[in-house]
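Undergrad: sharing a model that was predicted from the sequence below.
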Amino acid sequence: MNVLNFDSEQCERIRQRLDAYLSNELLVETTSDVLRHLERCEACTRELEARSRARDALRRAAENQIAPEELRQAIQRRLRESHIGFLGAPRRLAWALALAGLVVAMLGAIAAQHWIKVVEGRRIVAGVLALGVSDHLQCAIKGHNYPDIANPPELLRKKLGPQYAGVLEVVQKNLPGFEILEAHICSVQGSPRKYVHFIARGRDTILSVILTKSDGVQLPNGTMLRSGTSGSVNLYEAHLEGMNVVGFESKGYLGFVVSDLNRDTTVQIARTLAPPLNAALQTTS
Amino acid sequence: MWRATSLLENVQERHPVPPPQRKGDLREIDLFFHSKVQVEEFEAATMAHFPALYRTARLLARESAEAEDLVQEVYLEAWKSFHRFERGTNCRAWLFKILFHRLHHFRRRWAKAAKAEPFEKPEDQDSIMAEAPVPQEIRDKDVLEALGRVPIEFREVVLLADVQEFSYKEIAETMKLPLGTVMSRLSRGRKLLRQELAHVAGSYGIRLGNNQARTGESA
């Protein structure tokens, strides 16, 4: 190595600041000191050039690395396909609890109606429908509890068991433009209650149909929500933060259609679906 | 009925009815409701930084598969906490913060390999001895190899400062290190890299006809 001939003390001081100078991290006064020194010190100027060159070479080499397009696509695919499914592990317990929450909250909400004011009742009913949204999102979207390619009907029928196997066909037939990816029955530990959940894909989204035996419980009547009827089936609807949920009461069952499609579409789907489901469920029970 | 009511309380605790939404206060439940919009917004905000994140990860991981895992985890983590990301703030800095957070976990797995490579402690201060000149033209491959020989704790700050051009303060925040530590690591890291490049210069020496540069093993 060469020992250069220069005012070592001052050069030493300046060289300790050259990198910070290149990074524009020096105070104005210190920058002036460095510049003044560089004007009259060729050795330090060469040193600055060398450091700048090393930095350029590093930046160039780093930036010339190719970021694999397949990786980018894989990330984007996972995001787009599953939306929140990208979060990873299915949360079966969470959505099972949410499903339980739906029905239990309905029971509670309806019981509560006898003594809660209308305003409070409205909040609770909205809450019931919100939980319907939550179930759909927990199970179908967040938990991504469905395959990308639809399970074959035989498997779905098997999962539903003899009692509900026939309902599968009714749901599929009355959900035009949707393909049923998954259907299952779930229950929550400690409760005999069963929930029937259909997950369908179509119109660029995922839609859930959730059914449960009402066991004598009715959705509230009255003017709490915009409601309508389809055949003899009462419909209750809510628009909640971008999701539409339509609840319907069929004899002996409570059902929900949940989607992020617009209100009219969701209501239309529920209107189409509710009467045949009603008929099918009555024969089932 | 008492049972239903008590269960209701329990359930409402777990799944409270969402209160009216306030702007800029996105909670996890809002992520469900906004899934589609969120994905698009998330992609628009983050995918532009994908190349920089990957390149940085690649230069800090031992092999490309590790870098790919790391970047996937960064996006996963970012997506999970996107509702906490303050719109309008520096998304790139936020993503790099996540990258280094994940890297910290990854590094535990790599710890054994790192231990196998003790590095010689260099002098703390820049020497006034002239360093071997960095060759005028140097292949990217040689630069990356030289960089790969710089221990990771120095390599990462050098990458953040000299490639990604983060300020020292931003680096300190990203890596959760005191500013002084960042500065001393940078100083040492840059010097180590120059020494490694000087070795390359040595290997170029013969070809370039520059005897002065023959400080390392010659090719």
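TA: All right, it came through fine. Numbering: from 1, shown residues only, chains lettered A, B, ... in the order given.

Undergrad: got the domain ranges for chain B?
TA: The record, using automatic domain parsing to delimit domains, assigns chain B the ranges B:32-115, B:140-210.

Undergrad: return the most buried member of the ones you listed.
TA: domain B:140-210 (a mean of 19; mean count of other C-beta atoms under 10 Å in any protein chain shown). To be clear about C-beta, it is placed using only N, CA and C from the backbone, and glycine gets the same treatment.

Undergrad: now the domains of chain B as JSON lines including mean pLDDT and distance to residue A:149?
TA: What follows is those, written out as JSON lines (pLDDT from 0 to 100; distance: least, C-beta to C-beta, whole Å):
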{"stretch": "domain B:32-115", "mean pLDDT": "83", "distance to residue A:149": "21"}
{"stretch": "domain B:140-210", "mean pLDDT": "87", "distance to residue A:149": "41"}
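
Undergrad: switch those domains over to JSON lines; also include distance to residue A:50.
TA: Formatted as JSON lines, the domains of chain B follow (distance: least, C-beta to C-beta, whole Å):
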{"stretch": "domain B:32-115", "distance to residue A:50": "22"}
{"stretch": "domain B:140-210", "distance to residue A:50": "8"}
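
Undergrad: just so I know, which of those lies nearest residue A:41?
TA: Nearest to residue A:41, of all the domains of chain B, is domain B:140-210, at 18.9 Å by C-beta to C-beta.

Undergrad: which of the residues in the host helix or strand of residue A:210 are buried?
TA: Counting by DSSP states H and E, the element that carries residue A:210 is strand A:205-213. Buried positions in strand A:205-213, judged by neighbour count with 16 or more other C-beta atoms under 10 Å in any protein chain shown: A:205, A:206, A:207, A:208, A:209, A:210, A:211, A:212, A:213.

Undergrad: intersect those residues with the contacts of chain B.
TA: When contact is defined as C-beta under 8 Å from any C-beta of the partner chain, those meet chain B at residue A:205.

Undergrad: burial of the nearest residue to residue A:45 once chain neighbours are set aside, as a residue count?
TA: Leaving aside its sequence neighbours, residue A:45 sits nearest to residue A:38 (C-beta to C-beta, 6 or more residues apart in numbering or on different chains; 5.2 Å). Look at residue A:38: counted by other C-beta atoms under 10 Å in any protein chain shown, it has 16 neighbours.

Undergrad: phi, psi of residue A:38?
TA: Backbone torsions for residue A:38, taken as degrees, to the nearest 10, come to phi -60, psi -30.

Undergrad: try residue A:245
TA: Dihedral angles for residue A:245 - degrees, to the nearest 10 - are phi -130, psi 130.

Undergrad: I'd assumed residue A:258 was in contact with it.
TA: Yes - counting by C-beta atoms under 8 Å, residue A:245 touches residue A:258, with 4.8 Å between them.

Undergrad: one step back: and the strand holding residue A:210, average pLDDT?
TA: For strand A:205-213, mean pLDDT rounds to 81.

Undergrad: other SSEs contacting it?
TA: If you count contacts as 3 or more C-beta pairs under 8 Å, 6 or more residues apart in numbering or on different chains; DSSP states H and E, strand A:205-213 packs onto helix A:92-113, helix A:118-135, strand A:194-202, strand A:253-259, helix A:263-284.

Undergrad: how about the strands in chain B?
TA: In chain B, no segments count as strands under DSSP state E.

Undergrad: would you list every one of the helices in it?
TA: B:2-14, B:28-33, B:35-46, B:50-60, B:64-80, B:91-115, B:140-148, B:152-158, B:168-175, B:179-208 (DSSP state H).

Undergrad: among those helices, which is nearest residue A:15?
TA: Among those, the nearest to residue A:15 by C-beta to C-beta is helix B:179-208 (10.4 Å).

Undergrad: close to chain A, is the closest one?
TA: Yes - legend: contact between helix B:179-208 and chain A by C-beta under 8 Å from any C-beta is shown at B:183, B:186, B:187, B:190, B:193, B:194, B:197.
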